[in-house]
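1. I need the structure of the sequence given here:
(chains A and B, ligands or ions: 3)
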Amino acid sequence: MSKTFTLDGREIPFETGQTIMDAALAAAVYIPHLCHNPEFAPHGSCRVCVVDIGGRQVSACTAAASEGLVVDSSSEAIQATRRAILQMLFVEGNHVCPACEKSGACQLQAVAYYTGMLAPHFTHFFPRRPVDASHPDVIIDFNRCILCELCVRASRDHDGKRVFAISGRGLESHLVIDSPSGLLGDSSFAAGDKAAHVCPTGAILPKGRGYETPIGERLYDREPISIVGDVRAHEEEVV
Amino acid sequence: MAEKPRVATASLCGCFGCHMSLLDIDERILQLVDLVTFDRTPLTDIKTLGDCDLGLIEGGVANAENVEVLREFRRRCKTLVAVGACALNGGIPAMRNQFSLAECLHESYCGGIGVHNPGIPNDPEIPLLLNQVHPIHEVVAIDYFLPGCPPSADAIWTFLTAFLEGRPIAFPYTEIRFD
Ligand code: SF4
Ligand code: SF4
Ligand code: FES
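-> Ligands and ions are numbered 1, 2, ... in the order given. Purely as a prediction, here's the structure:
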């Protein structure tokens, strides 16, 4: 008989070595996440996958599943913690959703909707961050980067290029590009790279298209992320 | 019969889209005027604010007059609602926060494309700009937040009817959007 743990009252089977997130994904139970993508090694940085196990808060994407755990992923207390984390992500960057091409198909937005976040609550940082439009096919808007390192992992582990890295510490942390000028256009990055297709926000976007799907018909207009899942699974539809 | 609740609305640094969305409730506006009395609002053109039960604020805080109006609404309204992206997070006007005020003024009135008779206006009637555009919750306490650019007419209606009937306020999934 396979081993199980309990997630919001449901028995979830797992194999040794799986995380709580792995097992939940396999059982088609949604735990919100931003920096996690099962194609890459877990990073555990965004913390929106926080769950409660016996009064301890852990990130579901890095915590090992184990026999008999009782995991809370849906109480109001856990949703409130996630909301606060999301509110911090929003005020640390510049997220002008009405002007963002990714809006409606953005995982950051969708997870915020899922947790019932209505407003940013905290004081906005309004940081000054550049937009890099130097590449012929792809634009990077650092205002929308949440430092999830998905592009870093994709470029390093899949594309074999290491185009991206995070530099600096704490508030100074920011995404950097490996090229003599620091610009994407001078790097080895290509639109066909995996790294061009993993960003959960509107930080990395293809050029020459945008706002293609009318408001009301976009991915997360129709149904919540807990039902339709990650945006990358719908790339054909939304790009 | 008890007096009807008094409602006031104001647009700070916004585009009036949220007021347009309020008008977008269409014929339900007849129901609304039966339910409430409008105090100061661009819809009535009443200029002074009385004591109100509900204040709806569109737009962020970008100049000295916005601060004054917002503080007066907070003093006079029992319940204050931030309506729309600009009120919630500064919205499109806050995109100027990427630049210094001097750079913005220079671009608009001195060095920008198509500027004739360059010179920064300094008429005392013009409210002084703040260095940055701020969401309204950074200036006064806010009771409810209604996101959207603008919030849909249905979202506004859901809020108003629930609020006026004293019901808990809850929105269907499709009514909450940040854009
Ligand atoms: S990346 Fe997402 S949350 Fe950020 S501005 Fe764009 S749509 Fe909004
Ligand atoms: S650019 Fe996108 S994928 Fe890369 S770290 Fe920022 S948010 Fe994550
Ligand atoms: S998804 Fe687990 S920490 Fe980001």
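
2. From ligand 3, how far out is residue A:232?
-> Separation of residue A:232 from ligand 3 (CB to the nearest ligand atom, to the nearest Å): 13 Å. Just so you know, the C-beta spots here come from the backbone N, C-alpha and C atoms, and that holds for glycine as well.

3. I'd like to check which residues are in contact with the spatially most central residue of chain B.
-> The residue lying closest to the centre of chain B (CA atoms, centre = their mean) is residue B:58, at 1.2 Å. By CB atoms under 8 Å, 6 or more residues apart in numbering or on different chains, the contact list for residue B:58 reads B:9-12, B:14, B:16-19, B:83-84, B:86-87, B:150.

4. repeat for residue A:23
-> A:5, A:12, A:13, A:14, A:65.

5. Output those residues in JSON lines, with distance to residue B:130, pLDDT and neighbour count appended to each entry.
-> As requested, the contacts of residue A:23 are exported to JSON lines (distance: CB to CB, whole Å; pLDDT from 0 to 100; neighbours: other CB atoms under 10 Å in any protein chain shown):
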{"residue": "A:5", "distance to residue B:130": "52", "pLDDT": "98", "neighbour count": "20"}
{"residue": "A:12", "distance to residue B:130": "52", "pLDDT": "98", "neighbour count": "20"}
{"residue": "A:13", "distance to residue B:130": "57", "pLDDT": "97", "neighbour count": "14"}
{"residue": "A:14", "distance to residue B:130": "54", "pLDDT": "97", "neighbour count": "22"}
{"residue": "A:65", "distance to residue B:130": "51", "pLDDT": "97", "neighbour count": "24"}
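
6. who's in contact with residue B:76?
-> B:8, B:49, B:50, B:51, B:52, B:55.

7. Surely the fourth one touches residue B:7?
-> Which is residue B:51. No - counting by CB atoms under 8 Å, residue B:7 is not a contact partner of residue B:51; they are 11.8 Å apart.

8. How is chain A divided into domains?
-> A:3-74, A:87-208 (the TED database).

9. how long is the first one end to end?
-> Domain A:3-74 has its terminal residues 22 Å apart, counting by CA to CA, to the nearest Å.

10. With adjacent residues omitted, what lies nearest to the most centrally placed residue in chain A?
-> Geometric centre of chain A, nearest residue: residue A:34, 2.2 Å, by CA atoms, centre = their mean. Leaving aside its sequence neighbours, residue A:34 sits nearest to residue A:46 (CB to CB, 6 or more residues apart in numbering or on different chains; 4.1 Å).

11. can you tell me how far the one you found sits from residue A:145?
-> Using CB to CB, to the nearest Å, residue A:46 is found at 12 Å from residue A:145.

12. tell me the contacts of residue A:185?
-> So residue A:185 contacts A:132, A:134, A:135, A:136, A:179 (CB under 8 Å, 6+ apart).

13. follow-up on the earlier one: quick one: which of the contacts of residue B:58 is nearest residue A:223?
-> residue B:150 (22.6 Å; CB to CB).

14. was I right about that closest one contacting residue B:18?
-> Yes - here residue B:150 reaches residue B:18: they are 4.3 Å apart, a contact under CB under 8 Å.

15. which residues do the two both contact?
-> Listed contacts common to residue B:150 and residue B:18 are B:58, B:83, B:84; contacts here mean CB under 8 Å, 6+ apart.

16. Return the member of the residues you listed nearest to ligand 2.
-> Nearest to ligand 2 among those is residue B:84, at 25.9 Å by CB to the nearest ligand atom.

17. picking up where we left off before, for the residue nearest to the residue nearest to the centre of chain B when sequence neighbours are not counted, give me its contacts.
-> Excluding its sequence neighbours, the residue lying closest to residue B:58 (CB to CB, 6+ apart) is residue B:18, at 3.8 Å. Residues near residue B:18 by CB under 8 Å, 6+ apart: B:11, B:56, B:58, B:59, B:83, B:84, B:87, B:148, B:150, B:151.

18. Narrow the residues you listed to those in helices?
-> Under the assignment DSSP state H, the contacts of residue B:18 contribute residue B:87 to helices.

19. Can you tell me which of the contacts of residue B:18 is nearest ligand 3?
-> The closest of the contacts of residue B:18, once distances to ligand 3 are taken by CB to the nearest ligand atom, is residue B:148, at 27.0 Å.

20. Residue A:109 is in contact with residue A:89, correct?
-> No - counting by CB under 8 Å, residue A:89 sits too far from residue A:109 to count as a contact (10.9 Å).

21. In the chain, where is pLDDT below threshold?
-> In the absence of a named chain, this looks at chain A. For chain A, the stretches flagged by pLDDT under 70 are A:1, A:236-239.

22. I was after chain B.
-> In chain B, residues with pLDDT under 70: B:1.

23. Tell me which residue in it sits closest to ligand 2.
-> Counting by CB to the nearest ligand atom, chain B gets nearest ligand 2 through residue B:178, at 16.9 Å.

24. number of nearby residues for that residue?
-> Using other CB atoms under 10 Å in any protein chain shown, the number of residues around residue B:178 comes to 26.

25. Could you do residue B:36 as well?
-> By other CB under 10 Å, the residues close to residue B:36 number 17.

26. which residues pair with the residue nearest to it when sequence neighbours are not counted across the strands?
-> In space, and not counting its chain neighbours, residue B:36 is closest to residue B:7: 4.6 Å by CB to CB, 6+ apart. For residue B:7, the beta-bridge partners are residue B:38, residue B:54 (DSSP bridges).

27. For residue B:7, grab the count of nearby residues.
-> 24.

28. you'd agree it is up against residue B:54?
-> Yes - between residue B:7 and residue B:54 there is a contact under CB under 8 Å: 4.7 Å.
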